[in-house]
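Participant: Sequence first, predicted model second:
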Amino acid sequence: MAISPEYIALLRIGIESSPEWKEAWERINDYLDALRTPDTIDRELILLSSFERAIIRKRRQPFTPATELAFEEAQKTLDFALRHLIDEEVSDDRRSVEQRVRLYLTENVGGNFLGGTDEMSEEVRQALREVRLQAAPNLQVASITARPLEFSPPGKRLISLAEKLSPLGANRIAAWVCWLAILALVVISSLYRF
């Protein structure tokens, strides 16, 4: 399918003229780069169709950010491209999430996850259809009971020593004498190396 260069040029001029749409264009391109989408006609079609629909929606929803609309439309396009990898039994409310799983599972197929899925063997496609997201098991609420803080025997002796020495801290003269004694010990130990 050929895309008219004039149409692309007009769309790009419109996007470049609006800071909001320019940011949306850059963000969608970053998203497609993160998915390793090569610069092919498929990528151009994703961008063009997504932005066409996003622009139409923006006219109806003027207060919705352009980036949000563009992301939603780009994801719909990607989901549509991978619809053949989803089993028909998957409910409509789960299809989008399941399609995104297939998107990540097929992102490295031939360098192009959109065109490459047609080249897969039927067994691989069937396996992808059968892949289902499993709900996480219900986590049990941890029962945390408060226990009193207990110290080891050396910790208990240190606490009792601190309690005995605590009245000395209230006396300034005793505190100065203790600090000077500690300082003297440090100086003497640094002078006499064993």
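Facilitator: Arrived safely.
Participant: Any stretches of this structure with poor pLDDT?
Facilitator: Along the chain, the model assigns pLDDT under 70 to residues 1-3, 82, 84-88, 90-121, 124-144, 193-194.
Participant: For it, just list every one of the helices.
Facilitator: According to DSSP state H, the chain carries its helices in the segments 5-17, 19-34, 41-60, 66-81, 92-105, 122-130, 153-170, 172-191.
Participant: Take those and write them to a markdown table, including mean neighbour count and distance to Arg147.
Facilitator: For every residue, glycine as well, the C-beta is placed using N, CA and C. Supplementary listing: those in a markdown table, determined by neighbours: other Cβ atoms under 10 Å; distance: least, Cβ to Cβ, whole Å:
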| stretch | mean neighbour count | distance to Arg147 |
| --- | --- | --- |
| helix 5-17 | 12 | 62 |
| helix 19-34 | 16 | 48 |
| helix 41-60 | 17 | 57 |
| helix 66-81 | 19 | 49 |
| helix 92-105 | 15 | 43 |
| helix 122-130 | 13 | 49 |
| helix 153-170 | 10 | 16 |
| helix 172-191 | 10 | 35 |
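Participant: In JSON lines: those, plus distance to Ala146.
Facilitator: As requested, those are arranged in JSON lines below (distance: least, Cβ to Cβ, whole Å):
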{"stretch": "helix 5-17", "distance to Ala146": "60"}
{"stretch": "helix 19-34", "distance to Ala146": "46"}
{"stretch": "helix 41-60", "distance to Ala146": "54"}
{"stretch": "helix 66-81", "distance to Ala146": "46"}
{"stretch": "helix 92-105", "distance to Ala146": "41"}
{"stretch": "helix 122-130", "distance to Ala146": "49"}
{"stretch": "helix 153-170", "distance to Ala146": "20"}
{"stretch": "helix 172-191", "distance to Ala146": "36"}
